[in-house]
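Participant: no sequence on hand, only this structure:
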């Protein structure tokens, strides 16, 4: 029973993610849907500024905390609807809050374990504890690592809460800034009345942040060469 109580928060988050996907809510953040409804959505945001922002924040927090797919699309949608600065702000706040919920639920689930960890797991944890800051920031900044997976890994590695929040906020600002910039570029192009097409992807305000995001994948190579 104790084990089940410890697992309950994590199981509820997973169930919430299934409901979020099954409800079709995430389909509304598809760029094609946003492009078709862009003008209408902007009017709704203008009419209910705080309600629309809280609704966006709530969906993002739930998506991050439950590990639901489509996080990238939600962030780009934030840039399209709220612009670069606000999109980055709300996306980073949602990312930190959602990750914190998942992190705490995972730590609670792991705390109820009674089996001895394998020797390899203990060696990995020991290595993390020798360089926790650089290790955690490395995981957060490399875009090829799933965000939810990194949160689970940091909880398993017993990352201190203050360090987890610091690297999540720092890495989140970088990642969400690039992704919001992509959305903001698409939003400005749509606001000018440009038709939807592949030509939007090569817009300077879209292609430049995409290129910067791709360059982050070189971080592991640079770190290894530095070592």
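Facilitator: Yep, that arrived. All of these numbers come straight from a predicted model, not from anything done at the bench.

Participant: can we go C-alpha only for contacts and neighbour counts from here?
Facilitator: Will do.

Participant: the nearest residue to residue 140 once chain neighbours are set aside: what's it in contact with?
Facilitator: Nearest residue to residue 140 in three dimensions, chain neighbours excluded: residue 171, at 5.5 Å (Cα to Cα, 6 or more residues apart in numbering). Taking Cα atoms under 8 Å, 6 or more residues apart in numbering, we find residue 171 in contact with 137, 140, 141.

Participant: next, count neighbours for the last one.
Facilitator: Applying the criterion other Cα atoms under 10 Å, we find 22 residues in the vicinity of residue 141.

Participant: which pLDDT value belongs to it?
Facilitator: In this model, residue 141 is scored at 70, pLDDT.

Participant: distance of it from residue 89?
Facilitator: 17 Å (Cα to Cα, to the nearest Å).

Participant: next one: the longest helix along the chain to chain centre, how far?
Facilitator: In the chain, with assignment by DSSP state H, the single longest helix is helix 71-111. In this view, helix 71-111 has its centroid 5 Å away from the chain centroid, taken as Cα atoms, centre = their mean, to the nearest Å.

Participant: angle of the helix or strand harbouring residue 55 against helix 71-111?
Facilitator: Residue 55 is part of helix 49-66, with elements assigned from DSSP states H and E. Helix 49-66 and helix 71-111 meet at an angle of 50 degrees, taking axes from the mean of the first three to the mean of the last three Cα atoms, to 10 degrees as the criterion.

Participant: now the strand or helix carrying residue 162, how far from the chain's geometric center?
Facilitator: Using DSSP H and E, the element containing residue 162 is helix 161-191. In terms of Cα atoms, centre = their mean, the centre of helix 161-191 is found 9 Å from the chain centre.

Participant: for that helix, buried residues please.
Facilitator: If you call a residue buried by 16 or more other Cα atoms under 10 Å, then helix 161-191 has these buried ones: 164-165, 167-190.

Participant: sorry, back to before: who are the packing partners of the longest helix of the chain?
Facilitator: helix 2-22, helix 31-36, helix 38-47, helix 49-66, helix 147-156, helix 161-191 (3 or more Cα pairs under 8 Å, 6 or more residues apart in numbering; DSSP states H and E).

Participant: what's the angle between it and helix 161-191?
Facilitator: Going by the same axes, to 10 degrees, helix 71-111 makes 160 degrees with helix 161-191.

Participant: isn't residue 70 right up against residue 26?
Facilitator: Yes. If you go by Cα atoms under 8 Å, residue 70 and residue 26 touch, sitting 7.0 Å apart.

Participant: grab the nearest non-local neighbour of residue 33.
Facilitator: Spatial nearest neighbour of residue 33, chain neighbours left out: residue 27 (7.8 Å); criterion: Cα to Cα, 6+ apart.
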